[in-house]
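Trainee: this one's structure only:
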Ligand code: AMP
């Protein structure tokens, strides 16, 4: 957005040490819509891009549209109903089934049909997937390899509120065996544009070992997302989704993230997100050559059908540097040394010849220096002619960055490079 000629001023709430260099950080709670409204009015803000899912599920889009002073501001939503595609797994599964979009077979259970759930699980082939219905910060999915574990988790979720209210309803579904990728569109309620696809790496350890994280790296394009496969994705998944939203009268102007799995050459939906994802965004957006602000304006006017998406043929890879201990306990407030990258001229923008960019995540400015402020601290994206070179470039930049106990995976993209 900062690169757009249409963006005269950029505000970021709450922001971090990286965004402080691109615009003005605003220290507010983004789920406090009254506080967001006050900032929009006092700063004369004309466009609001909502990053995370929580304010969307809480209805920030609807709040803007109902308010006389805010309703003309461009806001990348969906409405709170549209955000249920991410906010409720049961809602998403019903939507998928209703519109005949390929997904795993499932049933939903709560306290009222708990006993039926036990029978269903006992008769279900293994492995079996249990999902807390609501938002559970990425922790609500449990893949069980035996019945004892499945029954125990089922009881913990429904009767003992393991995930609070988010898990009082449980989706029980069949396990899909395949390879995952993510596909992104920007939708305007009638039309959509297809953005580059990505594959992320969720496990903390090299070789995809150890516990899940918010994401340790990503690549784009995805080698197995061939033209033929992507055509199936468009016809069987994306178009029925856009059409389904329209038919169901769901207001949806914003990003849709399709978490897909390729099973025997066929794409199936694992999940929807109502926003872009991190770290996928850090490989998708560097390959998107359009002016992002212009696309948001077209989204607001419902003229995305007139936009031509320009995708860089280069490969992008991003590698996330995390704090030692993450995803368990870790320290915060560790000073980050950027070496020669401290010089703003050190990394030029990504252009037709490629390049690199550092994206901050869990960082903040303290006593005029950047310190860590979260588990996933920053991501370095490299863009180059081959995936191997993009990964090498990202690692080369990472070698210049230091903080105590910094860790990153050295094998992002490993299945696709020699
Ligand atoms: P979700 O929160 O729905 O994205 O699920 C988290 C992860 O669990 C996914 O990225 C998959 O790796 C895995 N997963 C979810 N549902 C299934 C399924 N039906 N079969 C196999 N893996 C699944």
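Mentor: Yes, it's here. Just so we're clear, the structure is a prediction, and the values are computed from it rather than from any experiment. Numbers count the residues shown, from 1 in each chain.
Trainee: Show me the strands in the stretch 51-200 of the chain, by range?
Mentor: Secondary structure of the stretch 51-200 of the chain by DSSP state E, counting those that start in this stretch: the strands cover 74-76, 106-109, 128-132, 141-144, 170-174, 179-187, 192-194, 199-205.
Trainee: taking the ones you listed together, which one is wrapped up most tightly?
Mentor: strand 128-132 (a mean of 23; mean count of other CB atoms under 10 Å). C-betas here are computed from N, CA, C, even on glycine.
Trainee: coming back round to it: TSV for the strands of the stretch 51-200 of the chain, including mean pLDDT and distance to residue 319?
Mentor: As requested, those are exported to TSV (pLDDT from 0 to 100; distance: least, CB to CB, whole Å):
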stretch	mean pLDDT	distance to residue 319
strand 74-76	97	27
strand 106-109	96	35
strand 128-132	95	29
strand 141-144	92	24
strand 170-174	96	32
strand 179-187	97	17
strand 192-194	98	25
strand 199-205	96	9
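Trainee: can I get those in a markdown table with distance to residue 233?
Mentor: As requested, these are exported to a markdown table (distance: least, CB to CB, whole Å):
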| stretch | distance to residue 233 |
| --- | --- |
| strand 74-76 | 22 |
| strand 106-109 | 21 |
| strand 128-132 | 22 |
| strand 141-144 | 22 |
| strand 170-174 | 20 |
| strand 179-187 | 6 |
| strand 192-194 | 9 |
| strand 199-205 | 14 |
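Trainee: Spatially, what comes nearest to residue 162 if we skip its sequence neighbours?
Mentor: residue 156 (4.1 Å; CB to CB, 6 or more residues apart in numbering).
Trainee: Contacts only, for residue 24.
Mentor: By CB atoms under 8 Å, 6 or more residues apart in numbering, the residues touching residue 24 are 9-12, 15.
Trainee: same deal with residue 192?
Mentor: Counting by CB under 8 Å, 6+ apart, residue 192 has contacts 185-186, 238, 242, 256, 304.
Trainee: so which of these comes closest to the ligand?
Mentor: residue 256 (14.1 Å; CB to the nearest ligand atom).
Trainee: Can you tell me the element that closest one falls in?
Mentor: Element membership for residue 256, per DSSP states H and E: strand 254-263.
Trainee: Next: residue 228.
Mentor: In the assignment (DSSP H and E), residue 228 maps to helix 227-233.
Trainee: Now do the residue lying closest to residue 10 once chain neighbours are set aside against the ligand, distance only.
Mentor: When the adjacent residues along the chain are set aside, residue 10 lies closest to residue 23, with 3.2 Å between them (CB to CB, 6+ apart). Distance of residue 23 to the ligand, computed by CB to the nearest ligand atom, to the nearest Å: 31 Å.
Trainee: Residue 16 is in contact with residue 23, correct?
Mentor: No - when contacts are counted by CB atoms under 8 Å, residue 23 is not listed as touching residue 16 (11.4 Å).
Trainee: out of the two, which sits in the busier spot?
Mentor: residue 16 (21 against 15; other CB atoms under 10 Å).
Trainee: does the residue nearest to the spatial centre of the chain belong to a helix or a strand, and which?
Mentor: With distances taken as CA atoms, centre = their mean, residue 277 lies nearest the centre of the chain, 1.4 Å away. Assessed by DSSP H and E, residue 277 sits outside every helix and strand.
Trainee: ok, the residue lying closest to it once chain neighbours are set aside - how many residues close by?
Mentor: Distances taken as CB to CB, 6+ apart put residue 257 closest to residue 277, at 5.4 Å, once the chain neighbours are dropped. Using other CB under 10 Å, residue 257 has 24 other residues around it.
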